[in-house]
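> structure for the following, please:
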Amino acid sequence: MAFDAKRFFWWRAFKEVGTGVAGDLFIHLLSGAHFITNSKGPESIYSTGQFSYWKDGRNMPDVMSGVMQYPDCPEHPAFQLTLQVNFISGTGGQEVIRLIGSEGVIEVQGNGITVKHSLMPEAPGFGGYDSLFTFSKSMQDEMKKDYEAKWTPEQRKRKTKEDIATSLMRYALAKK
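A predicted model of the protein is given here:
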């Protein structure tokens with residue numbers, strides 16, 4: 001291809017000379033996630049993008065989402081990573097990493113870390129918003145009796161744990 005100043009200087013907007021929003025912005029989130037998990041990378045990636053704002057001749061989307069599947073390996077259990085970028089969102093580089101697990105969420109944003117606990121009870125949920133109400137009253141009573149015989153009141157309670165909010169600097173100094 002002949003030299004084109006617009007493509008040269010707008011490299012993220014053209015697939016012939018750049019990697020678009022994924023290569024320009026996803027890499028920052030991926031490197032952080034890989035550092036935290038000690039991962040070597042995903043085994044599969046799915047993505048989609050669209051031209052939502054800039055209709056200036058570019059051929060790389062300005063809005064994109066990606067889903068990466070990571071395998072179970074010695075460094076970490078299997079997990080899924082979802083990334084989103086929107087060039088026109090106006091957030092000005094406010095990357096956020098959220099690690100969502102079975103006991104809550106760890107959020108890394110800027111210089112801060114927040115851990116919000118969401119601990120499930122040992123016993124599975126019962127009643128409320130499930131299919132219990134679709135059974136006859138006698139069947140519901142029988143199911144409730146079986147459930148209460150299997151799970152103690154203590155096992156049915158949702159445990160709580162204090163949330164944590166700190167800065168990375170405070171965390172690093174505490175480790176010294």
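> all strands for this structure, in order.
Secondary structure of the chain (DSSP state E): strands at 44-50, 63-70, 79-86, 96-101, 104-109, 112-117, 164-167.
> how about these, which one is nearest residue 25?
Each of the strands of the chain has some distance to residue 25 by CB to CB; the shortest is strand 79-86, at 4.7 Å. Quick note: C-beta positions are derived from backbone N, CA and C, even for glycine.
> any idea of the mean pLDDT for that closest one?
Averaging the model's pLDDT scores along strand 79-86 yields 86.
> so which elements touch that strand?
helix 27-37, strand 63-70 (3 or more CB pairs under 8 Å, 6 or more residues apart in numbering; DSSP states H and E).
> these: lowest mean pLDDT?
Ranked by mean pLDDT, the helices and strands packed on strand 79-86 bottom out at helix 27-37, which scores a mean of 85.
> what does that helix rub up against?
For helix 27-37, contacts defined as CB atoms under 8 Å, 6 or more residues apart in numbering pick out 39-41, 68, 70, 75-76, 79, 81, 83, 95, 97, 99, 108.
> could you list the low-pLDDT ranges of the protein?
For the chain, the stretches flagged by pLDDT under 70 are 87-94, 168-173, 175-176.
> thinking again about what came up before, pick the most buried one from the helices and strands packed on strand 79-86.
Stretch with highest mean neighbour count among the helices and strands packed on strand 79-86: strand 63-70 (a mean of 18; mean count of other CB atoms under 10 Å).
> partner strands of that strand, parallel or antiparallel?
strand 44-50 (antiparallel), strand 79-86 (antiparallel) (DSSP bridges).
> could I get those as JSON lines with distance to residue 159?
What follows is these, written out as JSON lines (distance: least, CB to CB, whole Å):
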{"stretch": "strand 44-50", "distance to residue 159": "35"}
{"stretch": "strand 79-86", "distance to residue 159": "23"}
